[in-house]
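# quick one: sequence plus predicted model below, questions after.
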Amino acid sequence: MSTRILEVRNLVTSFKTDRGIMKAVDGVSFHVEKGEILGLVGESGCGKSVTSQSIMRLYDEKNLVRYEGEVLLEGRNLMKLPEHEMQHICGKEIAIVFQDSLSSLNPVFTCGDQIMEALIIHQGMSKKEAKERAIEMLRLVGIPSPEKRFNQYPHELSGGMRQRVMIACALSCQPKLLIADEPTTALDVTIQAQIMELIVELNRKLQMGVILITHDLAVVAETCNRVAVMYLGQIVEEADVNTIFDNPRHPYTMGLLQSIPRLEGERARRLHVIQGTVPLLNQIPKGCRFRPRCPYAADICQSEMPELRQISDTQFVRCWHVEHIHNGR
Amino acid sequence: MRKYIIKRLLTLIPVLFVVSIAIFLLIHLTPGNPAAAMLGDLATPEAIARLSESLGFNDPLPVQYFRWLSGVFRGNLGTSLFIKGSMIQILRNHLVPTLQLTSYSILIATLIAVPLGILAAVKRGRMPDQVISMFSIVGISLPSFLLGLGLILLLSVKLGLLPSSGYHPISEVGWATHLRYMAMPSIALGSIEAALMIRMTRSSMLEILGSDYIRMAKAKGVPRFKIFMKHALRNALIGIVTVVGLAFMSLLAGATVTESIFNIPGIGKLTLNSVMRRDYQVIQAVVLMVSLTNVLITLIIDLIYGLIDPRVRLGQ
Amino acid sequence: MELQMEQMNEIKRALQREQRQLMLRKFFRNKLAVIGSSIVLTLVLVAIFADVIAPQDPLDMVVRDRLTPPGSKYLFGADTFGRDVLSRVIHGARVSMLVGTCVGLSSMVFGMLIGLYACYYSFLDNVLMRICDGLSAIPSTLLAIALMAVLGSTATNVIVAMSIVYVPRMARVSRAAAMVVKEQTYIEAMRATGASDSRIIWRHIAPNILSPVIVQASYNFANSIITEAALSFLGVGIPVPQPSWGNILNEGKSVITTGWWLIVFPGAATALAVLGLNILGDGLRDMLDPHTN
């Protein structure tokens, strides 16, 4: 298993709030292989972003949050590292691209400054070397006339360009793992496609692992190798991308898939909608968390929480009725 | 940047126009003939008529306004009925103590408020934050003259540590004595202002610390101290410049009361004496000067914004 | 169609009711707001029933008792004319509350009026807002003093002068809030259905900007108490025999070495009133601000 870059085991992230402790991520385990793109999907509020930011320990551990479980980066447990060593991991070994590029880039520094920052910290480059490298990065992510963009401020660029700058920032130190947290949600459809293409291309070229967080299943189908579906802080199904789309076994996954509009097929079929909404974290139901919205719910679902069970080489499902449910029938 | 400055200067024109009209009309708000009001109840009709004539109160208002305004442009701010010398000279003499008092207070306020405001934001919701926030709301609710009186009661009446009032210029008595006399008024004025500044610093710092770009900096592996000094502080400066500028403006006017308590011959004291003596032209000149200073400070704040924040500079 | 409107209104009313209850609950959960409002309420009651509560006539001079320290005869001591300081402080609350209420209300009414019309008509916007800019450029204490100088020291003029000082701030606050509301789709929809401008302004925009306006009004209330005390303290506010906190302090200043009670009690009263209002304002802001839900 030397190709495993990242392995997350039983990750629990709980927030301290006014209304008590809320577990936003509750016992999540998955792994990412070298050169692989793992899709992390689910509705908003399912804990996808929290999972990714917990891997980098971005939340304020003094006031806000408590982590449990293990996050192994090439065998090293990040949860046990002291803060200053974690700083050498963030940005160098693991990098992240956020959704909102306008607020994620510091408005008072130029794009070039912000790309150079990680290079100077992690690679010990001089300003001059860092500048050359930063311009190279801007070129790599497909920004025209990079020398000019280098000196511009974030708000002077378009949304798509800014997102490319963020990617350049993230990739500047050639991380082993890139986390892309809904990198295209705020962009136009055509720009979305370009950015996704860029991420896939860089993933192949640099052989880095990618965790792609999204709620857009079409993007998942095009780019990911494997998919983990999250619901209320837990993974409910995990499988390779073909299996997920051809043979989903968890009712939630089926619901998500059926809610994608399709061009082909009978037009009369109405778009499927999953009943209800994601409950708030302080109202997590007992037993199976999806039960209140599940069309197959039975007594056992109410009393006991199902485990994530392996049902084939590549597929894991968290449901009591796996044996009875096949492709939504 | 040049375009930004020009644009900013153009917006001053209507503001100054309104200010000038308001100040001009000030005299004419008096019930009846302003000359009669200036001379008081015992004045003879002849004296009133003479003063009316010499100050041009008999002309229509627009004519008076333009005469007054062109006078202002030529540096003629009118004459005092009681103090000798040109108005500019009078203002300058009284401005020095006020500016000293204001500067010391700003210094005290900034030194107290900026670190405490940042501390409160960093320790949000915990003990230091709660203590600081409580102090600041109590400070805001305390009128500065009350604190001044309290300080006099405590430090000079009870303990005899500092002189209770008076002003001595540096040129006559040297720095040490000068500062001994200025200490209490500056503390009174400065700590009240600090209360307000703490609140503003805290909220602007909180906004920054919760922002996405700070999270991004952390994700890039920037050390915590550097995140603070580079990413947060540069943005916080924008807020702090505003706070200090606003403080300067409110102190300049708020000094009136403090000057009166501590008997400092500044602008405030001049205003007050002129109010008592109905020396209207002096009041007019003072209000004009302080308002112009205000406008100027606002302009400077905006220009500093331009330097710190590229979004402003590039006209967004 | 008619019926539908009726139902819609019914639903709207029910929602509003629910929201009011929610707000009340939030209000009582918010300790600050409760503490602040009890302080303010107490002071208002003291102001209203000053005649009943005050042990003596605040103007009654007993010359041989002048500067009596606090004791059994005079709880808060006697002033330089032998008047009961406690009674004067109680009656001073009346002046402060009256001035505060009048300034708070008038700045609210005129500020909203200016803000709303400025937001709705762009030609008015330029004129009105430039006037407000200009007036705000003149420092408030100085403007108040200058106005008092030319208007003459009476209680009414104190209120007038301070209203002139505080209206521009309120106008700015309500204009900013109204601008946000105006951009909302339902206002567009109202306009499309041909509702008159004044109906839109007063029935639909005005109620939606009340939260920031009320919060600002409570701060104006607090500030006007400070300003009134300062004006009276300087001798250009409430005319002398009438008791006001600033007047008592002014008198106390001249006897600071011998009559500390002339400063401590009215000073504490002023600070308490302003503190109460500021806490109330903060509480209201937290309560009405949707972000703190």
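Sure, I can see it.
# how about the strands in chain A?
Listed in chain order, the strands of chain A (DSSP state E) span A:4-17, A:20-33, A:37-41, A:65-73, A:76-77, A:94-97, A:177-181, A:209-214, A:226-231, A:234-240, A:309-310, A:316-317.
# out of these, which comes closest to B:Ser260?
strand A:4-17 (50.5 Å; CB to CB). Yep, even glycine has a C-beta here, placed from its N, CA and C like the rest.
# wait, what's in contact with B:Phe228?
By CB atoms under 8 Å, 6 or more residues apart in numbering or on different chains, no residues touch B:Phe228.
# residues near C:Asn126, how many?
Per other CB atoms under 10 Å in any protein chain shown, the neighbour tally for C:Asn126 reads 12.
# identify the residues contacting B:Ser86.
Applying CB under 8 Å, 6+ apart, the residues near B:Ser86 are B:Thr79.
# separation between it and chain A?
46 Å (CB to the nearest CB, to the nearest Å).
# got the phi/psi numbers for that residue?
phi -70, psi 160 (degrees, to the nearest 10).
# who in the stretch 1-150 of chain C is up against chain B?
Within the stretch 1-150 of chain C, the positions near chain B by CB under 8 Å from any CB of the partner chain are C:130-131, C:133-135, C:137-143, C:145-150.
# now the buried members of these.
Burial by neighbour count, 16 or more other CB atoms under 10 Å in any protein chain shown: within the residues of the stretch 1-150 of chain C next to chain B this picks out C:130-131, C:133-135, C:137-143, C:145-150.
# so C:Ala33 touches C:Met287, yeah?
Yes. Counting by CB atoms under 8 Å, C:Ala33 does reach C:Met287; the two are 6.1 Å apart.
# which residues touch the closest residue to B:Ala113 other than its chain neighbours?
Nearest residue to B:Ala113, sequence neighbours excluded (CB to CB, 6 or more residues apart in numbering or on different chains): B:Met197, at 3.4 Å. Neighbour list for B:Met197: B:Ala109, B:Thr110, B:Ile112, B:Ala113, B:Val114, B:Gly117, B:Val243, B:Val244, B:Ala247 [criterion: CB under 8 Å, 6+ apart].
# ok, back up a step: now, the residues of the stretch 1-150 of chain C next to chain B that are in helices?
Counting by DSSP state H, the residues of the stretch 1-150 of chain C next to chain B place C:130-131, C:133-135, C:137, C:140-143, C:145-150 in helices.
# follow-up on the earlier one: need the strands of chain A in TSV with mean pLDDT and distance to B:Gln130, can you?
Below are these laid out as TSV (pLDDT from 0 to 100; distance: least, CB to CB, whole Å):
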stretch	mean pLDDT	distance to B:Gln130
strand A:4-17	87	17
strand A:20-33	86	20
strand A:37-41	91	39
strand A:65-73	88	21
strand A:76-77	88	36
strand A:94-97	91	34
strand A:177-181	91	34
strand A:209-214	91	37
strand A:226-231	91	37
strand A:234-240	89	37
strand A:309-310	85	49
strand A:316-317	88	47
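# to C:Ile256, which of these lies closest?
Across those, C:Ile256 has its closest neighbour in strand A:4-17 (51.1 Å, CB to CB).
# who touches the closest one?
The contact list for strand A:4-17, computed with CB under 8 Å, 6+ apart, reads A:21-34, A:47, A:50-51, A:54-55, A:59, A:63-74, A:94, A:176-177, A:208-209, A:211.
# quote the end-to-end distance of stretch A:172-182.
Distance across stretch A:172-182, first residue to last, is 20 Å (CA to CA, to the nearest Å).
# okay, now the residue nearest to A:Glu68 when sequence neighbours are not counted: neighbour count?
Counting by CB to CB, 6+ apart, A:Glu68 lies nearest to A:Val12, which is 4.1 Å off, once chain neighbours are set aside. Per other CB under 10 Å, the neighbour tally for A:Val12 reads 16.
# before we move on, what about B:Thr11?
Residues lying near B:Thr11 (other CB under 10 Å) number 13.
# and C:Ala177, by the same measure?
C:Ala177: 22 surrounding residues under other CB under 10 Å.
# ok, B:Pro310 next?
18.
# what do you get for A:Leu140?
A:Leu140: 19 surrounding residues under other CB under 10 Å.
# again with the one 10 residues further on
Applying the criterion other CB under 10 Å, we find 20 residues in the vicinity of A:Phe150.
# low-confidence ranges, chain B, go.
Chain B contains residues with pLDDT under 70 at B:31-32, B:312-316.
# for residue 284, give me its contacts.
This is for chain A. So A:Ile284 contacts A:Lys23, A:Leu232, A:Gly233 (CB under 8 Å, 6+ apart).
# hmm, no, I was thinking of chain C.
Residues near C:Leu284 by CB under 8 Å, 6+ apart: C:Ala33, C:Ser211, C:Ile214, C:Val215, C:Ser218.
# that one and C:Val213: what is the separation?
As judged by CB to CB, to the nearest Å, C:Leu284 and C:Val213 stand 11 Å apart.
# so which residues of the chain form helices?
No chain was given, so I picked chain A. A:48-55, A:83-89, A:101-104, A:111-123, A:127-140, A:146-150, A:159-171, A:189-206, A:217-223, A:241-246, A:251-258, A:299-303.
# can you look at chain B instead?
Listed in chain order, the helices found in chain B under DSSP H are B:2-28, B:34-39, B:45-55, B:61-73, B:87-122, B:127-141, B:144-151, B:170-209, B:212-219, B:224-226, B:233-262, B:267-277, B:280-308, B:310-313.
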